[in-house]
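Asks: Just to be clear, the model below is a prediction. Sequence and coordinates:
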Amino acid sequence: MTFYRKTAGLAIVAAMALAGCSSETDETAAGDTPMAVEDAAREFSKLETPQPGQYDLDVEVVSFEMPGAPEGALEQMRSAMEGAYQDGFCLTPEEAERGFEEQLAQVAQNGQCNFNDLSVDEGTVSAQAVCELEGGSMEMDMNGTVSSTSSDITADTRMTAQGQTVSMTMRMKQTRTGDCAA
């Protein structure tokens, strides 16, 4: 599940970086009832446990729309996001064994984000999170696949802050490349 944590965390960090100062918070759409963290944990537990080791992480910003952004700001954000994990990461045996509570806490941002929809079916993940951020709100749809040695997640993020809407689609692929360096 660390795969999902890294990719979801990266998408949330990107969206929060876009928030900056804020405007009024949008209300959650009528009829959207957040999932309890325990229900989300049960759903995530259907995924295979990741294997410890060294992983490559490829981040591609598929689309990025920020009306009124200064010249070069969009390209700077794209470069920062795509280069965030350029050297990959080492997943320790302890991290692999921790389970889903820590990962859910990161995605839930200590109560700021709720899952309105989450399903796991034989390694296929589909989730919708709604986050209340300082002065704004964010909706994120994440879809993809997760196995014990790889993941391929696409996150569509829409944030409203400072009276404007920012949209970004990122694709994040992780692949185990071997054991961690000693």
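Replies: That came through, no problem.

Asks: report the longest strand in this structure, please.
Replies: Identified as the longest strand of the chain according to DSSP state E is strand 164-178.

Asks: Which other helices and strands does that strand contact?
Replies: helix 2-19, strand 53-65, strand 150-161 (3 or more C-beta pairs under 8 Å, 6 or more residues apart in numbering; DSSP states H and E). C-betas here are computed from N, CA, C, even on glycine.

Asks: weakest of the ones you listed by average pLDDT?
Replies: Ranked by mean pLDDT, the helices and strands packed on strand 164-178 end with helix 2-19 at the bottom, a mean of 46.

Asks: Would you mark the buried spots in the longest strand of the chain?
Replies: Counting neighbours by 16 or more other C-beta atoms under 10 Å, one finds that the buried residues in strand 164-178 are 166, 167, 168, 169, 170, 172, 173, 174, 175, 176.

Asks: For the protein, which element, helix or strand, carries the lowest mean pLDDT?
Replies: Of the helices and strands making up the chain, the lowest-confidence element is helix 2-19, at a mean of 46, by mean pLDDT, DSSP states H and E.

Asks: average pLDDT across the very next helix or strand once past that helix?
Replies: The C-terminal neighbour of helix 2-19 among helices and strands, as given by DSSP states H and E, is helix 37-44. Rounded to a whole number, the mean pLDDT of helix 37-44 is 77.

Asks: now helix 37-44: how far from the chain's centre is it?
Replies: Using C-alpha atoms, centre = their mean, to the nearest Å, the mean C-alpha position of helix 37-44 is found 16 Å from that of the whole chain.

Asks: Alpha carbons only: can I get that helix in PDB?
Replies: Extracted in PDB, the C-alpha atoms of helix 37-44 (Å, rounded to 0.1, in the frame of the first residue of the first chain):
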ATOM      1  CA  VAL A  37     -11.500   5.400   7.900                       C
ATOM      2  CA  GLU A  38     -12.100   1.800   9.100                       C
ATOM      3  CA  ASP A  39     -14.100   1.100   6.000                       C
ATOM      4  CA  ALA A  40     -11.400   2.500   3.800                       C
ATOM      5  CA  ALA A  41      -8.800   0.400   5.700                       C
ATOM      6  CA  ARG A  42     -10.900  -2.700   5.000                       C
ATOM      7  CA  GLU A  43     -11.100  -1.900   1.400                       C
ATOM      8  CA  PHE A  44      -7.300  -1.100   1.100                       C
END
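
Asks: For it, name the packing helices and strands.
Replies: Counting by 3+ C-beta pairs under 8 Å, 6+ apart, helix 37-44 packs on helix 101-108, strand 113-121.

Asks: Confidence-wise, which of those is weakest overall?
Replies: For the helices and strands packed on helix 37-44, the weakest mean pLDDT is recorded on helix 101-108, namely a mean of 61.
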